[in-house]
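*Asks:* Just need the structure, nothing else, for what follows:
(2 chains)
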Amino acid sequence: MAYSELIKNFSRIRDYMREFYVYGFKSREEYTKKSARSYDDERRRLESWLGDHMRFRRTADGKNIFISIDSRLSRHNPLYRAWKTKSFTDGDITLHFILFDILDSPDTVLSLNEIAEKIDGYLTSFSEPRMFDASTVRKKLNEYIAEGIIVSEKRGKTMFYRRAESESVTAEDADMLDFFSEVSPCGVIGSYLLDKIEPHESHVAFKHHYITAAMDSDIVCSLLYAMSEKRYAAIETVTRHNRRISQKYVIPLRIMVSVQGGRQYLMAYVPRFKRMISFRTDNIISVEPGEVCGRFDEFRKKLDGMLPNLWGVSTQSASGERIEHVEFTVTYKADETYIHQRLEREKRCGSVEKLDEHSSRFSADVFDAGELVPWIRTFICRITDISFSNKELETQFWDDIKEMYAMYGLEGGDSR
Amino acid sequence: MIFSELYSAYYNAVAGILKAAAARPLGSGELRGIIEKNAFGESLPNIESAIAEERWQLLCKDGSAAVRNTPTMPLTMLEKRWLKAIYADPRVRLFTDEEIDLPDADPLFGPDDISVFDRYSDGDPYEDEAYIKNFRLILDAVRNRYPLSIHITNRRGGVTHMVMMPEYLEYSEKDDKFRLIGSSCRYGGVVNLGRIVSCRPYTKPFEEKPGGKKQPRIGTVEFELYDKRNALERVLMHFAHFEKQAEKTGEDRYKVTVKYDRDDETEIVIRFLSFGPMVKATAPRHFVELIKGRLLRQKNCGQ
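*Replies:* Numbers count the residues shown, from 1 in each chain, chains lettered A, B, ... in the order given. Prediction:
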């Protein structure tokens, strides 16, 4: 098939975008083990869509393509452009604009035959007018009914159609849409709405802004649909290191978003394993809604009950203990009281105790104490005491610190 | 469906073309301008030829539109559901007092469906009337470019007064706070909105200082990454929002370069430390010394 800038299916480009944006160190040869043509086509599309954000670097292994975006400078997520590339037929686009010109207001109500006749009238000025038969027009109208932009009503035996009534977005909504399209789940929908108003300067910039979630928009949207209808869902997931695909039947309960790591997770109850499991949304490759789950509220309540012991998304420890305890003490000078405040504002569960003027202790009972380790390391230079009920984890914590000393030539002495 | 031609850049481009052609026949230059504004780098020949060859029978040979009205399309159910969800977010009050009337749409998500689990807990008070008033005034001043007189609570608990030209607002998802970035201000031009005591238009003569806009001081840190315990994926994802480059240097080793704002250096050092021995800073020297300094202080932290 000839190359086209537009695409029918998002899944392949999603993989390439992720590789180019998050990693960006692979050479063409590493991608082309499967298909050189596929790599070249996807790279060319991304270059067309993302323009200057696509960069390349020459290395001994060849040319490495990567996407480089400083999200503090880009006030609109450039990756949203990829969602505006769905392919269509010549008939689709012609019919679309003519249909909405015919059904120009919610007061214009016409039957299929009346619409088909009017369509013909639009095409007479072209040298070889297109012919749209009634079944094609009906199919398109039904697609639009499903999208909520056309409404049908039966009068006697005849079906009549009109455009749906709706509010429209205006320039006054621009700042609100600029903001929520960047920070809200499925923000690409906000970007679609922004396309309806005149281009404008955005007045809000973003810091600590992960834009990668954009690539999972359809997955998250499908999960939200399933949740809103309290349905089961069949999800297909991929294991990154061996590319193994597996399917699970789950009850999707919540999307858990990390604003510090850039990842999104689905928390779901998995009946087969009789437990709550988290799935990274970027590892989910498809979502099919299933039956309505009569126990949805019960499982969501169960998840809520787990939150006081959930630091991140892990519901199971490496040690096998149901609950692990962790506590550590930090020291600070008289003019560093913000350290105590840091503990207070950064903790996600557990408690903080001020021991004296110069030290504070954090303690928590969690499902997986390993999830706290990266956060605890941010207090390196002031940790005076640390204790994990999982002693292997405690040993590893200090071994890691010793390894860091060695890395920077600071070996010798007690790590504490 | 979130991936639909209804939202495509090509449909938007054609809507723009038909809107312009509804007023008067469109010349080729104008046509190209609209395509370039709405679509992608390679779109121009595709759209131009589809119209010229009458595969898309929407624009007549003389450049007039085959349709009678300016193209419009109602909001899709997906758009309505998303709007309904964001109108339930307390932050929407920063922008509008209006309620949205979409009786046929359920919100796409609610607070029980989405949870941000690692956001700091001392975010701005979005439901506080004084905060909302300040936010709206600042946004108006950014839009219409007029100076503001602002009193803030400083770090020592006192009150500091400043006058500045507001440039833009900056939101941090991690801190859940807004900051105002301004210019021509003697205090650096960055104000946390949560610290504002009072804010009003500055009505006295105000002279903007040339070069008074705050420019980021860009720093670059280079580090080696050891791909243990899935560190490659975690580290690159963590630093994904910065401009960065990664290069494979060995079996499980990578060289990574990240650009950052020097004003945030302490935060970068802390984030760096969170990866433990999986990353080793190699340049610049002062950054390496910051890491070493913290490790040395840790060494001296006796029990």
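
*Asks:* C-alpha from now on. contacts and neighbour counts both.
*Replies:* Noted.

*Asks:* Would you map the strands across the stretch 301-416 of chain A?
*Replies:* Here the stretch 301-416 of chain A has its strands, by DSSP state E, counting those that start in this stretch, at A:324-331, A:351-356, A:359-366, A:383-388.

*Asks:* Now do the SS call for residue B:233.
*Replies:* Under DSSP: H, G, I helix; E, B strand; the rest coil, the three-state class of residue B:233 is helix.

*Asks:* Now do it against chain A, distance only.
*Replies:* Look at residue B:233 and chain A: by CA to the nearest CA, to the nearest Å, they are 8 Å apart.

*Asks:* For that residue, grab the count of nearby residues.
*Replies:* Residue B:233 is flanked by 12 other residues according to other CA atoms under 10 Å in any protein chain shown.

*Asks:* which residues does it contact?
*Replies:* A:22-23 (CA atoms under 8 Å, 6 or more residues apart in numbering or on different chains).

*Asks:* Adding mean neighbour count, mean pLDDT and distance to chain B, write the strands of the stretch 301-416 of chain A out as a markdown table.
*Replies:* Converted to a markdown table, the strands of the stretch 301-416 of chain A look like this (neighbours: other CA atoms under 10 Å in any protein chain shown; pLDDT from 0 to 100; distance: least, CA to the nearest CA, whole Å):
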| stretch | mean neighbour count | mean pLDDT | distance to chain B |
| --- | --- | --- | --- |
| strand A:324-331 | 21 | 97 | 8 |
| strand A:351-356 | 14 | 97 | 13 |
| strand A:359-366 | 22 | 98 | 12 |
| strand A:383-388 | 19 | 96 | 5 |
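
*Asks:* Quick one, which of those gets closest to residue B:106.
*Replies:* Closest to residue B:106 of those, according to CA to CA: strand A:359-366, at 35.3 Å.

*Asks:* what is the orientation angle of that closest one with strand A:324-331?
*Replies:* Strand A:359-366 runs at 170 degrees relative to strand A:324-331, counting by axes from the mean of the first three to the mean of the last three CA atoms, to 10 degrees.

*Asks:* closest to residue A:88 out of the strands of the stretch 301-416 of chain A?
*Replies:* With CA to CA as the measure, strand A:359-366 is the member of these nearest residue A:88 (50.3 Å).

*Asks:* That closest one: partners in the sheet, and parallel or antiparallel?
*Replies:* Sheet pairing of strand A:359-366 (DSSP bridges) gives strand A:324-331 (antiparallel), strand A:351-356 (antiparallel).

*Asks:* Secondary structure element holding residue 198?
*Replies:* Just so you know, I chose chain A. Counting by DSSP states H and E, no helix or strand carries residue A:198.

*Asks:* that's the other chain; I wanted chain B
*Replies:* Per DSSP H and E, residue B:198 falls inside strand B:196-201.

*Asks:* Which residues does the following helix or strand past that strand contact?
*Replies:* Remark: after strand B:196-201, the chain's next helix or strand is strand B:218-226, criterion DSSP H and E. Residues outside strand B:218-226 that contact it (CA under 8 Å, 6+ apart): B:231-232, B:252-262, B:278-284, B:287.

*Asks:* are any of those buried, and which?
*Replies:* Buried members of these, scored by 16 or more other CA atoms under 10 Å in any protein chain shown, are B:231-232, B:253-260, B:278-282, B:287.

*Asks:* Which two of the residues you listed have the greatest separation?
*Replies:* Spatially, the most separated pair among the buried ones among the contacts of strand B:218-226 is B:253 and B:260, at 22.3 Å (CA to CA).

*Asks:* and stretch A:15-31, how far from the chain's centre?
*Replies:* Here stretch A:15-31 is found 19 Å from its chain centre; the criterion is CA atoms, centre = their mean, to the nearest Å.

*Asks:* Quick check: buried residues in that stretch?
*Replies:* Of all the residues in stretch A:15-31, those buried under the rule 16+ other CA under 10 Å are A:16-28.

*Asks:* Closest one to chain B out of these, please.
*Replies:* For the buried residues of stretch A:15-31, the minimum distance to chain B (CA to the nearest CA) is 5.0 Å, reached by residue A:25.

*Asks:* Read off the pLDDT value for the closest residue to residue A:25 other than its chain neighbours.
*Replies:* Nearest non-adjacent residue to residue A:25, counting by CA to CA, 6 or more residues apart in numbering or on different chains: residue B:247, 5.0 Å away. In this model, residue B:247 is scored at 88, pLDDT.

*Asks:* ok so, going back, save the strands paired with strand A:359-366 as CSV, and put in distance to residue A:216 too.
*Replies:* Below are the strands paired with strand A:359-366 laid out as CSV (distance: least, CA to CA, whole Å):
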stretch, distance to residue A:216
strand A:324-331, 32
strand A:351-356, 34
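
*Asks:* Ok, which of the ones you listed comes nearest residue A:59?
*Replies:* Closest to residue A:59 of these, according to CA to CA: strand A:324-331, at 44.9 Å.

*Asks:* Backbone dihedrals for the residue in the stretch 151-300 of chain B positioned nearest to chain A, please?
*Replies:* Nearest residue of the stretch 151-300 of chain B to chain A, counting by CA to the nearest CA: residue B:298, 3.7 Å away. Backbone torsions of residue B:298, given as degrees, to the nearest 10, read phi -60, psi -40.

*Asks:* That one: neighbour count?
*Replies:* Residues near residue B:298, counting by other CA under 10 Å: 21.

*Asks:* Please list all residues in contact with the closest residue in space to it that isn't next to it in sequence.
*Replies:* In space, and not counting its chain neighbours, residue B:298 is closest to residue A:381: 3.7 Å by CA to CA, 6+ apart. Residue A:381 sits next to B:294-299, B:301 when contact means CA under 8 Å, 6+ apart.

*Asks:* ok, now with 6 Å
*Replies:* B:294-295, B:297-298 (CA atoms under 6 Å, 6 or more residues apart in numbering or on different chains).

*Asks:* How about residue B:272?
*Replies:* Not one residue lies near residue B:272 by CA under 6 Å, 6+ apart.

*Asks:* What strand or helix carries it?
*Replies:* Using DSSP H and E, residue B:272 sits within helix B:265-273.

*Asks:* so after that helix, what's the next helix or strand?
*Replies:* Downstream of helix B:265-273, the next assigned helix or strand under DSSP H and E is strand B:279-283.

*Asks:* Can you list the strands that that following strand pairs with?
*Replies:* Paired neighbours of strand B:279-283 in the sheet (DSSP bridges): strand B:218-226 (antiparallel).

*Asks:* Give me the average confidence score over the partner strand.
*Replies:* When pLDDT is averaged along strand B:218-226, the result is 95.

*Asks:* Figure out how far it is from the centre of its chain.
*Replies:* Distance, centroid of strand B:218-226 to centroid of chain: 24 Å (CA atoms, centre = their mean).

*Asks:* Of all the residues in that strand, which ones are buried?
*Replies:* For strand B:218-226, burial by neighbour count (16+ other CA under 10 Å) applies to B:221-226.

*Asks:* That one vs helix B:265-273, what angle?
*Replies:* Between strand B:218-226 and helix B:265-273, the angle comes out at 10 degrees (the same axes, to 10 degrees).

*Asks:* what are the phi and psi values for residue B:246?
*Replies:* Per-residue torsions, residue B:246: phi -130, psi 150 (degrees, to the nearest 10).

*Asks:* Bridged to it, which residues?
*Replies:* On the basis of DSSP bridges, residue B:246 is bridged to residue B:256.

*Asks:* What's the local residue count around it?
*Replies:* For residue B:246, the neighbour count with other CA under 10 Å is 23.

*Asks:* Right, I'll call it a day here.
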